[in-house]
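Peer 1: Make a model of this:
(chains A, B and C)
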Amino acid sequence: MAKKDEKIDYVKNGKRVDGRKVEELRPLTIEVGVIDNADGSAYLEWGQNKVIVAVYGPRELLPKHKQDPRKAIVNFQYRMATFSVPDRKNPRPARREIEISKVCSEALQRAVFAERFPNTVIDVFVQILDSNAGSRAAGLSAASVALADAGIPMRDLVASTGVGKAGGEIILDLNKFEEDAPDAVDIPIAIMPRTEEIVLLQMDGLLTTKEWKKCLELGVKGCKQVYEVQRAALQKKYDAAGAVKGKEKKKEEKAAKKEKVK
Amino acid sequence: MEPVLWALKTDKVKAALKEEKRLDDRALDAYRDIEVSNEVSKNAEGSARVRLGKTDVIAGVKMILGTPYPDSPGEGTISVGAELHPMAFSEYEFGPPKPDAIEVSRVVDRCIRESKTLNFKDLCIKEGEQIWICFIDLYPLNDDGNLFDAFSIAGLAALIDTKIPKIEDDKIVKGEYSGKLKLARQPLLSTFAKIGNTVVLDPTMVEQKAQDARFSVATTDDNYLCAFQKGGFGGFTGAEIDSCIDIATKASKMVRKKL
Amino acid sequence: MNLSEKKLVIPGELIAEGRMKLGSHVFVENGKIYSDALGLFYENNEIASVVALKGRYIPRRGDLIVGIVNSEKFSGYTVDVNTINTSYISKDAVRDRLQRGVVFSAKINEVDELGEARLDDVRVFYGGEIFSITPVKVPRLIGKSGSMLNQLKDETGCNIMVGRNGWIWAKGGDTKLFAKALNLIEEESHKSNLTNKVGEFLKKNKVKK
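Peer 2: Residues are numbered from 1 along each chain as shown, chains lettered A, B, ... in the order given. This is a model prediction of the structure:
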């Protein structure tokens, strides 16, 4: 940890402490269809963040008094594995997790054509396996891919990222070190990329209007980069060339090897 | 899935077993394919992911500083937790751990603890003052039956992977390690389902739904037995138990090769 | 279906501008037409429609489905037909008393505003097995004017009843081969030339008598 009087350059010669450019995301990959039992699922790696998401539904919501006869309820449940943070996390859901679950549910509710499935619930289970700042953006981005994989009708995907400030610099997708800067501001943002409608936005820290505008511009840009990865992941699953699922491919390779040995 | 659909499927399981056949064409004493990998989480001191057929689980170890129990001032300890996360199966729900989750975690705990795999004296840092508590937490990602064995394999694989954090001034130095956790042996559970009068190793979900009773036995690489657990409404004969132990001893040897 | 250029689209993707007839899985916003699902869009000048690759079965009047009896009520039976809500058969619609677990085919006679269906034309099956496929893939399982299904029946020797809800009843013949072929259709339904591929698969894997 840096001493208070010691000045750290969060951006030096256009490069950040981890070597990224100001507008650069950490490496992001998404894989679709990873949980066999689920109606839809996705696995996402984003820097050190690792997230797995399962979607079940639409299915009947019980108990019945929770049902809404006009629409399906999107139930996004964010949970951190006990070993996903430096100290062991208490397995009981913390207030933070409950809040994140609520705001992300609302973000997805906007994108889903929920009115087509009255009295039902669409469960979205998000499990954080490893974290290093930005896990809710990771969870939300993976969740919208899993919803599409489940065949849930949607207006658009939801793409999310973090954006903010460290050492006076506006940067995209803060890592933990940047998030711990004395003046750090972290802004999780999610949009529907086609319309750029913001479906999730949170912020804590001190920020000027000018800085916020820069943040928004950069955030939207970042979300669109995320969207391209989401789109590619969905297409890859059904791509003619990549249509053979990973498991079978392995089997085929194994078989090929065996033949060679013979 | 609706219970009524399960009923139809379990009928198929029972019919096939009458001819000593399983729906997935496995031998009665065979495990499904097992895949073990590490590096689930960098924040964990050790972690593993295990695929047992379509059953998919993860385990993570956190080493935490604690104070010893008054009755064993010179010993550290372990704690095993399991959460049957609703991600893994449509019948699971969030909430306080239900009897199923408590049972499986306690059985895995006993398998590791009672095998004396970990020397608890090694986990003592300062007698009467500071010890290591080794938390092993288990999560299912996809449950297609036999979480007992999947968790046990994952737990052991995570322990093998575990590094002990470095200590300075009675505090953990994050990201630095003083060495690997020492394991004296490798205990593993093998779980059987009794369906009608047939006993099968490593039941799938539909076999589990069809089972009358369940039996788990923990064996070590030096051929000790370190835990038993019987579950379900039905019973086993002594000969069946003996046969289970026999099969478990052989089958777990195959599993250890994957670690 | 007019098989021209096909394209994989994701939810929210623009598929057409201007006035067109609207098919399934599309919506209009500001005069433009978008897909609401992950699916295949066939370029076509008359109708904007997307074939979804996944999704739950939504009951529609007139559909032929396969179901399982769940429980008996005073004047009818609640049944599971792979939909979100339970469906219902009136006792007037069946001659014999139905037991829990009985497999049947039926026609959907009526769907209420909550998506609960009432069934008619009930035919009970004795023996056999029940299989399932993603409901949106049922048209592929049937094939053009039944070509795929006929081929499956011929090569496996099974008696097969396909429900629009993705449940399939089959009896006799080589049901194991049928299950494997079904799996192939499930995994490759979005690719072209599927009927030939399945045909080759069946011929190759058929147990010689």
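Peer 1: drop to CA atoms for contacts and neighbour counts, all remaining ones
Peer 2: Fine.
Peer 1: Averaged pLDDT, the helix ranked longest in chain A. What do you get?
Peer 2: The longest helix of chain A (DSSP state H) is helix A:209-238. Per-residue pLDDT over helix A:209-238 has a mean of 94.
Peer 1: Could you do stretch B:77-86 as well?
Peer 2: Here stretch B:77-86 scores 95 as its mean pLDDT.
Peer 1: Identify all contacting residues around it.
Peer 2: A:125, B:92-94, B:97, B:101-102, B:104-106, B:108-109, B:113, B:120, B:123, B:131-141 (Cα atoms under 8 Å, 6 or more residues apart in numbering or on different chains).
Peer 1: Pull out the buried members of those.
Peer 2: A:125, B:101-102, B:104-105, B:108-109, B:113, B:120, B:123, B:131-141 (16 or more other Cα atoms under 10 Å in any protein chain shown).
Peer 1: Which ones among these map onto strands?
Peer 2: Among the buried ones among the contacts of stretch B:77-86, the members found in strands (DSSP state E) are A:125, B:131-141.
Peer 1: Spell out which parts of the stretch 1-150 of chain B neighbour chain C.
Peer 2: Counting by Cα under 8 Å from any Cα of the partner chain, the residues of the stretch 1-150 of chain B close to chain C are B:2, B:4-5, B:7-8.
Peer 1: Quick check: the farthest pair among the residues you listed?
Peer 2: B:2 and B:8 (10.3 Å; Cα to Cα).
Peer 1: thought residue C:67 was touching residue C:167?
Peer 2: Yes: contact criterion Cα atoms under 8 Å: residue C:67 and residue C:167 qualify, at 7.3 Å.
Peer 1: which neighbours do the two share?
Peer 2: C:81-82.
Peer 1: any idea of the mean pLDDT for the longest helix along chain C?
Peer 2: Ranked by residue count and defined by DSSP H, the top helix of chain C is helix C:175-188. For helix C:175-188, mean pLDDT rounds to 93.
Peer 1: Okay, angle between that helix and helix A:209-238 too, please.
Peer 2: Calculated by axes from the mean of the first three to the mean of the last three Cα atoms, to 10 degrees, helix C:175-188 forms an angle of 150 degrees with helix A:209-238.
Peer 1: Roughly how far does residue B:181 sit from chain A?
Peer 2: 17 Å (Cα to the nearest Cα, to the nearest Å).
Peer 1: which stretches of chain B form strands?
Peer 2: Secondary structure of chain B, counting by DSSP E: strands at B:34-38, B:46-52, B:55-66, B:77-82, B:124-126, B:130-142, B:163-168, B:171-180, B:188-195, B:198-201, B:213-219, B:225-232.
Peer 1: Please name whichever of those is nearest to residue A:76.
Peer 2: Of the strands of chain B, nearest to residue A:76 by Cα to Cα is strand B:130-142, at 16.6 Å.
Peer 1: Adjacent strands (with direction) for that closest one?
Peer 2: strand B:55-66 (antiparallel), strand B:77-82 (parallel), strand B:124-126 (antiparallel) (DSSP bridges).
Peer 1: Run the contact check for stretch C:177-197 versus chain B.
Peer 2: No: contact between stretch C:177-197 and chain B is absent, the nearest approach being 12.0 Å (criterion: Cα under 8 Å from any Cα).
Peer 1: and that stretch, does that touch chain A?
Peer 2: Yes: applying Cα under 8 Å from any Cα, one finds stretch C:177-197 touching chain A at C:188, C:190-191.
Peer 1: Where does the residue most central in space within chain A sit: helix, strand or coil?
Peer 2: Residue closest to the average C-alpha location in chain A (Cα atoms, centre = their mean): residue A:138, at 2.1 Å. Three-state assignment for residue A:138 (DSSP: H, G, I helix; E, B strand; the rest coil): helix.
Peer 1: Against residue A:78, how distant is it?
Peer 2: 11 Å (Cα to Cα, to the nearest Å).
Peer 1: Over to residue B:182?
Peer 2: Going from residue B:182 to residue A:78 by Cα to Cα gives 35 Å.
Peer 1: Among those two, which residue is more densely surrounded?
Peer 2: More crowded of residue B:182 and residue A:78, by other Cα atoms under 10 Å in any protein chain shown: residue A:78, with 25 against 16.
Peer 1: what about residue C:67 and residue C:167, which has more around it?
Peer 2: The residue with more neighbours, out of residue C:67 and residue C:167, is residue C:67; 27 against 22, by other Cα under 10 Å.
Peer 1: Excluding chain neighbours, give the residue nearest to that one in space.
Peer 2: residue C:81 (4.4 Å; Cα to Cα, 6 or more residues apart in numbering or on different chains).
Peer 1: My read is that that neighbour contacts residue C:68, right?
Peer 2: Yes: Residue C:81 lies in contact with residue C:68 (Cα under 8 Å); the separation is 6.6 Å.
Peer 1: neighbour-wise, which of the two wins?
Peer 2: residue C:81 (27 against 24).
Peer 1: so who does that one touch?
Peer 2: Counted by Cα under 8 Å, 6+ apart, residue C:81 has contacts C:65-68, C:87, C:165, C:167.
Peer 1: Give the residue farthest from the middle of chain B.
Peer 2: Residue farthest from the centre of chain B, counting by Cα atoms, centre = their mean, is residue B:169 at 35.3 Å.
Peer 1: Give me the distance between it and chain A.
Peer 2: 17 Å.
Peer 1: Next: residue C:182.
Peer 2: Distance, residue C:182 to chain A, by Cα to the nearest Cα: 16 Å.
Peer 1: same check, this time on residue B:9
Peer 2: For residue B:9, the distance to chain A - Cα to the nearest Cα - is 16 Å.
Peer 1: what sits against the closest residue to that residue other than its chain neighbours?
Peer 2: Excluding its sequence neighbours, the residue lying closest to residue B:9 (Cα to Cα, 6+ apart) is residue B:206, at 6.9 Å. Going by Cα under 8 Å, 6+ apart, residue B:206 touches B:6, B:9-10, B:13, B:144-145.
Peer 1: so the residue in the stretch 1-150 of chain A that chain C sits nearest to is in which element?
Peer 2: In the stretch 1-150 of chain A, no residue comes nearer to chain C than residue A:59, which is 5.3 Å away by Cα to the nearest Cα. Assigned by DSSP states H and E, residue A:59 belongs to strand A:49-60.
Peer 1: Run through the stretch 1-150 of chain A and note the low-pLDDT ranges.
Peer 2: A:1-6 (pLDDT under 70).
Peer 1: let's go with 80 and repeat that
Peer 2: For the stretch 1-150 of chain A, the stretches flagged by pLDDT under 80 are A:1-7.
Peer 1: Tabulate the CA atom coordinates of the strand or helix carrying residue C:141 in CSV.
Peer 2: Here residue C:141, judged by DSSP H and E, is contained in helix C:138-142. Output of helix C:138-142 as CSV, limited to C-alpha atoms (Å, rounded to 0.1, in the frame of the first residue of the first chain):
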residue,chain,number,x,y,z
VAL,C,138,-39.6,-29.6,-33.4
PRO,C,139,-40.0,-28.3,-37.0
ARG,C,140,-36.5,-29.6,-37.8
LEU,C,141,-37.4,-33.0,-36.2
ILE,C,142,-40.4,-33.2,-38.5
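Peer 1: Relative to the whole chain's centre, how far out is that helix?
Peer 2: 7 Å (Cα atoms, centre = their mean, to the nearest Å).
Peer 1: Helix or strand next in line after it, which one?
Peer 2: helix C:147-156.
Peer 1: May I have that next one as CSV, with CA atoms only?
Peer 2: C-alpha atoms of helix C:147-156 as CSV (Å, rounded to 0.1, in the frame of the first residue of the first chain):
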residue,chain,number,x,y,z
SER,C,147,-39.2,-36.0,-44.5
MET,C,148,-37.1,-36.2,-41.4
LEU,C,149,-39.7,-38.0,-39.3
ASN,C,150,-40.5,-40.5,-42.0
GLN,C,151,-36.8,-41.3,-42.3
LEU,C,152,-36.5,-41.8,-38.5
LYS,C,153,-39.5,-44.1,-38.5
ASP,C,154,-38.2,-46.1,-41.4
GLU,C,155,-34.7,-46.6,-40.1
THR,C,156,-35.4,-47.1,-36.4
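Peer 1: Please consider this matter closed, and thank you.
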